[in-house]
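> coords please:
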Amino acid sequence: MTATDYSLVGDIGGTNARFALVRSGEVQPEAVEVLACSDYDNLDSAVTDYLQRSGVEKVQDVCLAVASPVSGTQIRMTNNHWRFDSEDVRRQFGWRAFKVINDFTAMALGVPHVPGDKLIHVCGGPGDARRPRLVIGPGTGLGVSGLVPLQHGWVPLMTEGGHVDFAPTDDAEMAILRILKARFGRVSVERILCGQGLLNLYQAHAEIQGLAAPLDAPEKITAAALEQTDSLARQTLRHFCEILGRVAGNGVLTLGSTGGVYLCGGILPRFIDFFLESPFQKGFEDKGRMRPLLEATPVYVVTEGYTGLLGAAEALTNPEV
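Sure, this is the predicted structure:
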């Protein structure tokens with residue numbers, strides 16, 4: 001392998017850094033490695049180790065997706081200790097080009113390259129391929145992005161849609177809003193639609209019903225719901241799915257994204273059968289006079305584990321990023 005054969009792409013989160021090589025003009029990642037961020041002092045040592053592992057001494061073009069805001073050259077990772085200046089790193093390694101993009105922007109850019117067998121149809125369709133697509137995913141937070149089609153490609157939208165207001169629709173949700181407002185002040189949908197948010201929702205339901213809330217982590221709530229050992233956990237997870245449906249439906253109305261909704265992130269694939277039977281579709285389509293528009297919009301769960309790497313590879317040559 002030589003520098004002229006490959007570019008370097010990466011998807012760096014709070015815990016792990018995924019690196020891969022892509023051939024010129026392609027997006028399919030090769031030599032994928034998942035490295036623990038805690039094992040490295042900073043980005044440069046992780047890149048050096050990865051290139052040694054892959055047998056490539058040098059690359060020319062690099063794109064990394066990072067779980068942090070991206071503005072200018074100074075990058076401070078949100079949930080790990082890495083800090084770097086992208087121009088300093090580019091010069092250190094002698095790279096020709098070094099793009100740094102937000103991880104959910106990469107997720108959105110990767111969606112058009114996800115193979116059909118990695119998409120699980122949830123509801124709706126057939127959609128309109130000429131219209132924008134909504135990319136949304138609960139994980140550590142709630143990522144929201146969009147794709148606007150051009151004649152030969154896509155423009156990703158960099159949004160903070162996860163921080164829109166939580167809008168209750170019945171008395172129980174009004175009570176949930178009051179409880180979370182007392183804890184957090186303003187309540188965004190991300191306060192509910194993420195890992196920690198599932199725990200927030202569970203504790204609020206317990207308080208409303210005067211029940212104990214013994215489960216203290218989102219994975220425990222999910223496990224208890226799937227195993228049917230805790231009715232409160234099951235109720236909470238169903239409600240989580242319904243609220244996600246409503247928020248995704250709101251996104252379709254706002255963006256006009258009848259091209260489709262793509263549900264990304266690591267949470268939903270863990271309970272896909274439960275999700276498919278949940279009230280997600282009810283929440284998504286319940287838009288009054290706009291119901292036919294939502295019913296015609298296809299929704300998919302993305303199960304491709306390297307969507308961010310596909311997006312970073314797309315961004316290498318996408319002039320809109």
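
> quick one: whatever helix or strand Tyr300 lives in to chain centroid distance?
Per DSSP states H and E: Tyr300 is located in strand 299-302. Offset of strand 299-302 from its chain centre (C-alpha atoms, centre = their mean, to the nearest Å): 12 Å.

> Give me the contacts around that strand.
Outside strand 299-302, the residues within contact range by C-beta atoms under 8 Å, 6 or more residues apart in numbering are 111, 114, 118-124, 137, 248, 260-264, 268-269, 272, 275, 280-281, 284. Using the backbone N, CA and C atoms, a C-beta is placed for each residue, glycine as well.

> Can you flag which of those residues belong to strands?
119-123, 137, 261-263 (DSSP state E).

> By neighbour count, sort out the buried ones in the residues you listed.
119-120, 122-123, 137, 261-263 (16 or more other C-beta atoms under 10 Å).

> can you name the two of those that are farthest apart?
Within these, Cys123 and Gly137 form the most distant pair, 17.0 Å apart (C-beta to C-beta).

> Now the element after the worst-scoring helix or strand of the chain on mean pLDDT, going C-ward?
Lowest mean confidence among the helices and strands of the chain (mean pLDDT, DSSP states H and E): strand 74-76, at a mean of 87. Scanning forward in sequence from strand 74-76 by DSSP H and E, the next helix or strand is strand 83-85.

> Would you mind writing the CA trace of whichever helix or strand comes after that following strand as PDB?
Next helix or strand after strand 83-85 toward the C-terminus (DSSP H and E): helix 86-93. Extracted in PDB, the C-alpha atoms of helix 86-93 (Å, rounded to 0.1, in the frame of the first residue of the first chain):
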ATOM      1  CA  SER A  86      -6.200  20.500  12.600                       C
ATOM      2  CA  GLU A  87      -3.700  22.600  10.700                       C
ATOM      3  CA  ASP A  88      -0.900  21.700  13.200                       C
ATOM      4  CA  VAL A  89      -1.700  18.000  12.700                       C
ATOM      5  CA  ARG A  90      -1.900  18.400   8.900                       C
ATOM      6  CA  ARG A  91       1.600  19.900   8.900                       C
ATOM      7  CA  GLN A  92       3.000  17.400  11.400                       C
ATOM      8  CA  PHE A  93       2.000  14.500   9.100                       C
END
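
> Give me the angle between the following helix or strand past helix 86-93 and helix 86-93.
Once the chain leaves helix 86-93, the next helix or strand it forms, by DSSP H and E, is strand 97-102. On the basis of axes from the mean of the first three to the mean of the last three C-alpha atoms, to 10 degrees, strand 97-102 is oriented at 140 degrees to helix 86-93.

> Relative to strand 97-102, what are the paired strands and their orientations?
Sheet pairing of strand 97-102 (DSSP bridges) gives strand 61-66 (parallel).

> who's in contact with the strand it pairs with?
7-12, 43, 75, 77, 90, 93, 95-103, 105-107, 308-309, 311-313, 315-316.

> From the chain's centroid, how far away is it?
17 Å.

> which residues of this structure fall in helices?
Secondary structure of the chain (DSSP state H): helices at 43-54, 86-93, 103-110, 171-184, 195-209, 218-227, 231-255, 272-276, 280-285, 291-295, 307-317.

> Identify, out of those, the most deeply packed stretch.
helix 103-110 (a mean of 28; mean count of other C-beta atoms under 10 Å).

> what's it packed up against?
When contacts are defined as 3 or more C-beta pairs under 8 Å, 6 or more residues apart in numbering; DSSP states H and E, helix 103-110 packs onto strand 6-12, strand 61-66, strand 133-138, strand 142-150, strand 153-158, helix 307-317.

> Make CSV from these and add mean pLDDT to it.
Formatted as CSV, those follow (pLDDT from 0 to 100):
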stretch, mean pLDDT
strand 6-12, 95
strand 61-66, 95
strand 133-138, 96
strand 142-150, 93
strand 153-158, 90
helix 307-317, 95
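
> among those, which is nearest Arg18?
strand 6-12 (4.4 Å).

> Report the angle between the closest one and helix 103-110.
Using the same axes, to 10 degrees: strand 6-12 against helix 103-110 is 130 degrees.

> So for strand 6-12, what gets flagged as buried?
6-12.

> measure stretch 72-80 end to end?
Stretch 72-80 has an end-to-end distance of 19 Å (C-alpha to C-alpha, to the nearest Å).

> Same check on stretch 88-102?
First-to-last residue span, stretch 88-102, C-alpha to C-alpha: 19 Å.

> and that stretch, average pLDDT?
For stretch 88-102, mean pLDDT is 94.

> quick one: contacts of that stretch?
With C-beta under 8 Å, 6+ apart as the criterion, stretch 88-102 contacts 43-44, 47, 58-70, 73, 75, 86-87, 158, 311-312, 315-316, 321.
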